[in-house]
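*Asks:* With the input below, show me the fold.
(4 chains)
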There are 2 protein chains.
Amino acid sequence: MGYTIGQVAEKFDLTAHTIRYYDKEGLLPFVDRSKAGNREFSDSDLDWLKLICCLKNTGMPIKQIKHYIEWCLQGDDTLEIRRQMFVDHRKEVLKQMDNLKENLKTIDFKLEFYDTICKVHVNGEKLSMGKQNDDCLKIIRQIVI
Amino acid sequence: MGYTIGQVAEKFDLTAHTIRYYDKEGLLPFVDRSKAGNREFSDSDLDWLKLICCLKNTGMPIKQIKHYIEWCLQGDDTLEIRRQMFVDHRKEVLKQMDNLKENLKTIDFKLEFYDTICKVHVNGEKLSMGKQNDDCLKIIRQIVI
DNA sequence: CGTCGAGTTAAAGCTAACTCGAAGTGATGG
DNA sequence: CCATCACTTCGAGTTAGCTTTAACTCGACG
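*Replies:* You can find the predicted model right below:
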């Protein structure tokens, strides 16, 4: 029987429009059609789509994903080049993770600052902080906003 | 003295064009100008730009970064909303890390498969694998390309 | 004084990845 | 028989984030 484009769209949190767009761009050449001309996705098609989403969500451009699909259709001659693509892309993903970790540090530092200063601000009138602390916070506020 | 736009561009691996674009979009309202009208970046400006790059590289749209900058200029009334922005964005970044980890698993699985099958393919003629193994690999190849 | 390099603006152009709309087809339920 | 609904194609439009171009201005160097 297979899945309709609508069902697949829901499963993958895409729109039917987007899936048709992927098809038009050559990412789904393996998807069969019903007599009426409607796309019928098999379970293996869903596996392909899952991989396509994985590559797309890790920043691979649609054109390169298309190359990969073409290589797959070409057969065993392209096995090595495909393997190499995954090796390279894996490196890319690791780099993304490193960058993300670095940026998370920056955000955490910022957040620590905001947590401190917001607490002071809310209780500003009630709690006596002492003049030195107040001055200190003013300076901090100017330096690290 | 301060840095020129070219120096800053090099430091941050951006182009001068891009920095001017950020300025035009309201991300750099604090940058001073020389008598000649050229931008002069101070060390504190570089800190701002570093944060801007951090937010941009973790997927925050330029418009939202602009909001943040505006809130900063407005003063202490916006401290809490700014803190909340960082709390929310931190969650976003953690989600990105999770997704990246999941996708890395998919890629690693794929790579394991390609490593195996490429090894077999290269030594295909030399090494006797036995008929059973060959059949098995054929099937695997069809299922998990 | 000329010219070179680095800066300036404003506006147009580009690419990727959708996103939408119009106009039509085919199966199903009342 | 007709409406509804999910699908179809094709082509145009949108958005974000640059990127390029044209025409210009400084300040320093020979």
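*Asks:* Kindly provide the distance from the residue nearest the centre of chain A to residue A:13.
*Replies:* In chain A, the residue lying closest to the centroid (C-alpha atoms, centre = their mean) is residue A:57, at 3.8 Å. According to C-beta to C-beta, to the nearest Å, residue A:57 and residue A:13 sit 11 Å apart. (C-beta placed from N, C-alpha, C; glycine too.)
*Asks:* just to revisit the earlier point, the residue nearest to the centre of chain A: what's it in contact with?
*Replies:* Residue A:57 makes contacts with B:99, B:103, as judged by C-beta atoms under 8 Å, 6 or more residues apart in numbering or on different chains.
*Asks:* Need phi/psi at the closest residue to residue A:34 other than its chain neighbours.
*Replies:* Distances taken as C-beta to C-beta, 6 or more residues apart in numbering or on different chains place residue A:40 nearest to residue A:34, at 5.3 Å, with adjacent residues excluded. Per-residue torsions, residue A:40: phi -120, psi 110 (degrees, to the nearest 10).
*Asks:* Disregarding residues adjacent in the polypeptide, which is nearest to residue A:41?
*Replies:* In space, residue A:41 is closest to residue A:3, 4.3 Å off (C-beta to C-beta, 6+ apart).
*Asks:* give me the number of residues near the one you found?
*Replies:* 17 (other C-beta atoms under 10 Å in any protein chain shown).
*Asks:* how far out from the middle of the chain is the lengthiest helix in chain A?
*Replies:* Counting by DSSP state H, the longest helix found in chain A is helix A:79-122. Its chain's C-alpha centre and that of helix A:79-122 lie 12 Å apart, by C-alpha atoms, centre = their mean, to the nearest Å.
*Asks:* Over to stretch A:19-32?
*Replies:* With C-alpha atoms, centre = their mean, you get 21 Å for stretch A:19-32.
*Asks:* measure it end to end?
*Replies:* 14 Å (C-alpha to C-alpha, to the nearest Å).
*Asks:* again with stretch A:16-33
*Replies:* 15 Å.
*Asks:* Pull the residues that contact stretch A:61-74.
*Replies:* Here stretch A:61-74 makes contact (C-beta under 8 Å, 6+ apart) with A:22, A:25-27, A:29, A:52, A:55-56, A:78, A:81-82, A:85, B:145.
*Asks:* Try it again at 10 Å.
*Replies:* A:21-22, A:25-30, A:48, A:51-56, A:60, A:77-79, A:81-82, A:85-86, A:89, B:145 (C-beta atoms under 10 Å, 6 or more residues apart in numbering or on different chains).
*Asks:* Establish whether it and DNA strand C are in contact.
*Replies:* Yes: judged by C-beta under 7 Å from any atom of the strand, stretch A:61-74 comes into contact with DNA strand C at A:61, A:62, A:63.
*Asks:* quick one: low-confidence parts of chain A?
*Replies:* Residues of chain A that meet the criterion pLDDT under 70 lie in A:121-145.
*Asks:* May I ask which helix or strand encompasses the residue in chain A that DNA strand D sits nearest to?
*Replies:* Nearest to DNA strand D, among the residues of chain A, is residue A:6, at 2.5 Å (C-beta to the nearest atom of the strand). Using DSSP states H and E, residue A:6 sits within helix A:5-12.
*Asks:* Once you drop chain neighbours, what's closest to residue A:94?
*Replies:* residue B:104 (7.7 Å).
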